[in-house]
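>>> give me a model of this one.
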Amino acid sequence: MRAADTKNGSTPLFNIGVLPSIWGIYIAQGVLGGLTFAGLPTILRSQHVSLGKIGLLSLVMLIWAIKFLWAQPVERLRIAPTGRRHSRKIILMGECVTAGLLCVITFWSPQLFSGLLVLLLCAAVSATIVDIACDAFLIEQIPENEREKGNMAQVGGAYIGLVLGGSVFVSLHGVLGWRIGCFVMAFIVLSLTVPMLFYNQENRDVFPVSPQELRPGLLNAFRRGEIWCGIVLTIMYEMSGRLVQGLTGPFLIDQGISLNAVGIFNGIGGVVSGLCGTIVGGMMVSRAGAKNAMYMIAICHAVLLAVIFSSIKLHFLSTPILFSLFVCEATLMASGFVASYSRLMILTSPYQPGIDFTLFQSASAIAAALLGMSGAVMAGKIGYDKVFLFSVLLSIAAIILIPLINYFIGKYNYN
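Numbering: from 1, shown residues only. The predicted structure follows:
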């Protein structure tokens, strides 16, 4: 948080250039994710690349899960010993590296998969560095009581970027070919970075100078109880949704719905519901506060998962019902991300917000991978209905435990 805002707790109108800057960066981050996990698998399969090789693209997600390992050096570069911030420089350099790697990919044939994978892994590392710096930039530049506007950019930008890197990239490839498509993606990334280039007020307020013992570091984070509370809160809050998130497509296919219909639903329906959820989540945080918004969304999520379980158990499985239920599920997931990000940012230290928030995101990514895999295995062994029943129980457990976690957070004077 900025020093000027912490003194009086007021709600100043922050510089109008902040929101366009972070929206641009988060959409650009989403472009790379959409290209890697949505666009490229489709194009590679059309080039007769084996499914086994395409599956290796999941290694890129591992980079995002372990990005906390290099959060400390990034944060120490971002925060000078004098307290001066260099977030913009890191973000701009990182986005240029990402765009440059996309340009290199344009000259790399999709059939040369090993080299392509290495380039994508390098681009992912660059993107995570940008993400660490941009999250910290958001925390420091937007007052706490208006931070949901930035959290909406985090979540909404990812969904918009998914469309650009997924559907738009595939369409460009079909019409103009691989090389032009990759060049356009690189141009989009650079274009979205322009607002950050012209934002020049990062150091207009005086930031606290870190004492030597509080220089940014992972050990400093792990010594603080509120960080452990935030990690537990992250996992507890997301676990029911993460368990069943990856089952939507397989479940719809197993109900006899065509692959084309499922593809359209996951594409258009997922993005629209995600953006709607982003707006709803932002409004809830603005009106009720992050803590109350998280709790209300958790209750709604438990009820919805119970309805989905009942629908499966009672065989109310018509296509409109299923699509409606899963759209609501995706909407609540997006709303939950906005609320939880707002809550978790309160727990970060002014001396190392990039490290602290990265730990929360890494915990989320690791939990998502483990729970997603567990959900798929469980569905294959005991059936979809029992997995959704288990997710309902996890939701109820979260509703019970979230107040307890908030109590411990309160003991550290952060609520």
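
>>> shaky segments in this protein?
Judged by pLDDT under 70, the chain has its weakly predicted residues at 1-16, 206, 212-213, 413-415.

>>> now name the helix or strand holding the residue nearest to residue 45 when sequence neighbours are not counted.
Excluding its sequence neighbours, the residue lying closest to residue 45 (CB to CB, 6 or more residues apart in numbering) is residue 54, at 6.3 Å. C-betas here are computed from N, CA, C, even on glycine. When elements are assigned from DSSP states H and E, residue 54 belongs to helix 51-55.

>>> flag every buried residue along that helix.
Within helix 51-55, the residues scored as buried using 16 or more other CB atoms under 10 Å are residue 54.

>>> same thing with stretch 27-45?
In stretch 27-45, counting by 16+ other CB under 10 Å, buried: 27-44.

>>> in helices, which of these fall?
Within those, residues falling in helices by DSSP state H are 27-34, 40-44.

>>> and of these, the nearest to residue 180?
Proximity of those to residue 180 (CB to CB) peaks at residue 43, which lies at 13.0 Å.

>>> surely that closest one meets residue 178?
Yes: the pair residue 43 and residue 178 passes the contact test of CB atoms under 8 Å, sitting 7.4 Å apart.

>>> mutual contacts of the two, please.
Residues touching both residue 43 and residue 178 by CB atoms under 8 Å, 6 or more residues apart in numbering: residue 110.

>>> before we move on, back to that, closest one of the ones in helices among the buried residues of stretch 27-45 to residue 189?
Minimum distance to residue 189 across those is 4.6 Å, recorded for residue 28 (CB to CB).

>>> wait, that closest one sits on residue 193?
Yes: contact status for residue 28 versus residue 193: in contact at 6.2 Å, counting by CB under 8 Å.

>>> what do these two both touch?
Common neighbours of residue 28 and residue 193 (CB under 8 Å, 6+ apart) are residue 95.

>>> now do the end-to-end distance for stretch 33-53.
From its first residue to its last, stretch 33-53 covers 18 Å (CA to CA, to the nearest Å).

>>> would you map out the domains in this protein?
Listed domain ranges for the chain are 3-209, 218-411 (source: automatic domain parsing).

>>> buried ones in stretch 114-123?
In stretch 114-123, counting by 16+ other CB under 10 Å, buried: 116, 117, 119, 120, 121, 122, 123.

>>> which of those residues fall in helices?
With helices taken from DSSP H, the overlap with the buried residues of stretch 114-123 comprises 116, 117, 119, 120, 121, 122, 123.

>>> any figure for the gap between the first one and residue 177?
Put plainly, it is residue 116. The gap separating residue 116 from residue 177 is 16 Å, by CB to CB, to the nearest Å.

>>> farthest-separated two in the ones in helices among the buried residues of stretch 27-45?
Largest pairwise distance in those, by CB to CB, is 23.8 Å, between 27 and 44.

>>> which residues are contacting stretch 295-315?
In contact with stretch 295-315 (CB under 8 Å, 6+ apart) are residues 237, 240-241, 244, 281, 284, 288, 316-317, 321-322, 325-326, 328-329, 332-333, 335-336, 339, 384-385, 388-389, 391-392, 395-396, 398-399, 402-403.

>>> show me how far that stretch is from its chain's centre.
Here stretch 295-315 is found 23 Å from its chain centre; the criterion is CA atoms, centre = their mean, to the nearest Å.
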